[in-house]
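[1] Take this sequence and fold it.
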Amino acid sequence: QPRDYTEYELIKASDNKNLIYVKTSFKNIPAYYFFDGKKEKKLFEPGFRTNEHWFDLKNNRLVWAELYPDVYWGNENFSAIKIYNLSTGKATYLASKKTKWFYPKWAEDGTAIAVLESKENGTQNALLVDTTGRVLNRIEIEQGAFVSSIVKANNNGILVVYNKDEKTWFTQLDFDGSEPHQIGPVFYAPLRHPVVFNNAIYFSTVVGHTEQIVRLNLLQNTSEIMSDVPFRAIDPLVVEDTLYYVSYEGIGYSIRKKTNKKVGDYTSGYPKMAFYTSLEKGFPSQINKISHTEYKVKSYKKSSGLINIHSWFPWVFGPNFGLTLFLENKLATFQSTLTYVYNSNEKASQFVGEIIYAQLYPSFFVGASHTLNRNANNGIIESNANFFNSRSWSETDFYGGITLPFYLMRGKWSRFLSFRTSTHYLIANLNEASPTLSKISFPYYQNRVQFYNLLRTSHRQIFPRWGQNLVIEQQQSFDNNIAEQYTFLGTFYFPGI
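    Model (predicted):
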């Protein structure tokens, strides 16, 4: 039976040997599922994961890294560790949310969590933290090396996958300060999602032209191939005498199982792929030919890249046609827009420029617009034409104000709230002066509140299946007798097909 493209990933086993995994499809967003051998049950939908392809499970508690944006600064994001208890059905963050922690792994006794910490200078730390987020131990990873995953952890140290000089191997990092020591052979392809079972490490790596499950016997220091699929085998899990893994099936990734017996012996070597052809022939690595330069660390000037057009937006839906250019310096502290719009109803042209200074909170902005050849007769029904008497004018608006944005994205919901207030001074010059009036000018203020709440979309969805976008705007002249306007705009998204 044909079915929607579906992906199963990251199989884990609960305390009673039932399977827990992540399932997603073109139609549905990622969710955790429970399978007892007969029936599948949906547990919950996680938030935006910072490490999309990883979670761990121990003592019926799931742990993963989730995106946690700063409330005030939209371009400052964190990776917070979240724990879900299968028994209570409740999820909680560690107390420390503003962290850069990735790839969480439960310690063997289940009382602590090992995580990888990314630092601003590009290096890493391997940490052991308790369930409140307090750091118990820390190991600095040497510069030039990269730890891609954690195999296991306890109070003595952390076993990791260590990558350096185009090679990778398992390394034990101890908290007592001793030198890291290698476990097993050196590999020449990535080692993905390793798990430990009965003195052996199961992981996926490249075997020939495909990715297969490989077992490293820690007692005999030998490697064995455990799967033989046409395309790809990943995410191993061993329960007693059964090996589970995820395999690519053409219409997605499916869960397979087999007896925990080897298919053949594995010898570490360069993968048989075009990229590694020169390596297999004994030539030096191309990466080693890249010159290495130590650059001095220094602060950017705030004016660096000040005139930098990074994107543009065309106005293609009438009656307004035009173009907006977006400019931003390298530090994203100065942002500006330049806009030209032609209104086909009034046959008028408008030029707009705005500068935002985002170094402080709230952000400040100033701007101006100038409109040419506005004509009251254009777009007016014929019976009212004599009243306006073909009057035309140019219009200039100077303004400045502040914006208070709040980035409230949590879990699977993307939420945003902003308050914007500005003061304007409008000048209208009549092209043909009348005996009583040739110029109009007055100040006014504008207030705007926006809030949106949008559910995460699946691969095939253009708009969210559920969401709201609300905008309330007020324009009021300082003199209440001149002008006053209120605008309410609401957009609602409902489940579709």
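[2] now stretch 13-21, how far from the centre of its chain.
    Using C-alpha atoms, centre = their mean, to the nearest Å, the distance from the centre of stretch 13-21 to the centre of the chain it belongs to is 29 Å.
[3] same question, stretch 87-102
    For stretch 87-102, the gap between its own C-alpha mean and the chain's C-alpha mean amounts to 17 Å (C-alpha atoms, centre = their mean).
[4] Now it: average pLDDT?
    In this model, stretch 87-102 carries a mean pLDDT of 88.
[5] and it, C-alpha only, in CSV?
    Extracted in CSV, the C-alpha atoms of stretch 87-102 (Å, rounded to 0.1, in the frame of the first residue of the first chain):
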residue,chain,number,x,y,z
SER,A,87,5.9,8.1,34.0
THR,A,88,4.5,11.6,34.7
GLY,A,89,4.1,12.9,31.1
LYS,A,90,5.8,16.2,32.1
ALA,A,91,8.7,18.0,30.4
THR,A,92,11.1,20.4,32.2
TYR,A,93,14.2,22.4,31.3
LEU,A,94,17.3,22.3,33.3
ALA,A,95,17.6,25.3,35.5
SER,A,96,20.4,26.7,33.3
LYS,A,97,18.6,27.6,30.0
LYS,A,98,21.0,30.1,28.5
THR,A,99,23.6,27.5,27.6
LYS,A,100,25.3,26.2,24.5
TRP,A,101,25.0,22.5,25.4
PHE,A,102,24.5,19.8,22.8
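[6] what's next to it, contact-wise?
    The contact list for stretch 87-102, computed with C-beta atoms under 8 Å, 6 or more residues apart in numbering, reads 44, 50-51, 60, 65-66, 68, 70, 78-85, 115-119, 127, 129, 131-134. C-beta coordinates here come from the backbone N, C-alpha and C atoms, glycine included.
[7] let's see it at 7 Å
    Stretch 87-102 has contacts (C-beta atoms under 7 Å, 6 or more residues apart in numbering) with 50-51, 60, 65, 68, 78-84, 115-118, 131-133.
[8] what's the answer for stretch 333-352, then?
    Residues lying outside stretch 333-352 but in contact with it, judged by C-beta under 7 Å, 6+ apart, are 302, 306, 315, 318-328, 353-359, 367, 369-375, 378-379.
[9] Name the helix or strand of this protein that has the lowest mean pLDDT.
    helix 277-280 (a mean of 47; mean pLDDT, DSSP states H and E).
[10] for the protein, what are the low-confidence residue spans?
    Along the chain, segments meeting pLDDT under 70 span 1-3, 50-52, 270-292, 302, 376-390, 432-438, 496-497.
[11] And the helices in it?
    Counting by DSSP state H, the chain has helices at residues 277-280, 385-388.
[12] Hmm, Val160 and Leu173 touching each other?
    Yes. The pair Leu173 and Val160 passes the contact test of C-beta atoms under 7 Å, sitting 6.1 Å apart.
[13] hey, what's in contact with both of the two?
    Taking C-beta under 7 Å, 6+ apart as the contact rule, Leu173 and Val160 both touch Ala126.
[14] now the strands for the stretch 351-497 of the chain?
    363-375, 392-407, 413-430, 439-455, 467-477, 484-493 (DSSP state E, counting those that start in this stretch).
[15] Just the buried positions in the fourth one, please.
    Pointing back at strand 439-455 there. Neighbour counts using 16 or more other C-beta atoms under 10 Å place 444, 446, 448, 450-455 of strand 439-455 among the buried residues.
[16] ok so, going back, which of the contacts of stretch 87-102 are buried? Put it as a PyMOL command.
    PyMOL command restricting the contacts of stretch 87-102 to the buried ones, with burial defined by 16+ other C-beta under 10 Å:
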select buried, resi 50+51+60+65+68+78+79+80+81+82+83+84+115+116+117+131+133
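[17] For Phe225, give me its contacts.
    Just to correct that, residue 225 is Ile rather than Phe. Going by C-beta under 7 Å, 6+ apart, the list of residues near Ile225 reads 207, 212, 214, 262-264, 266.
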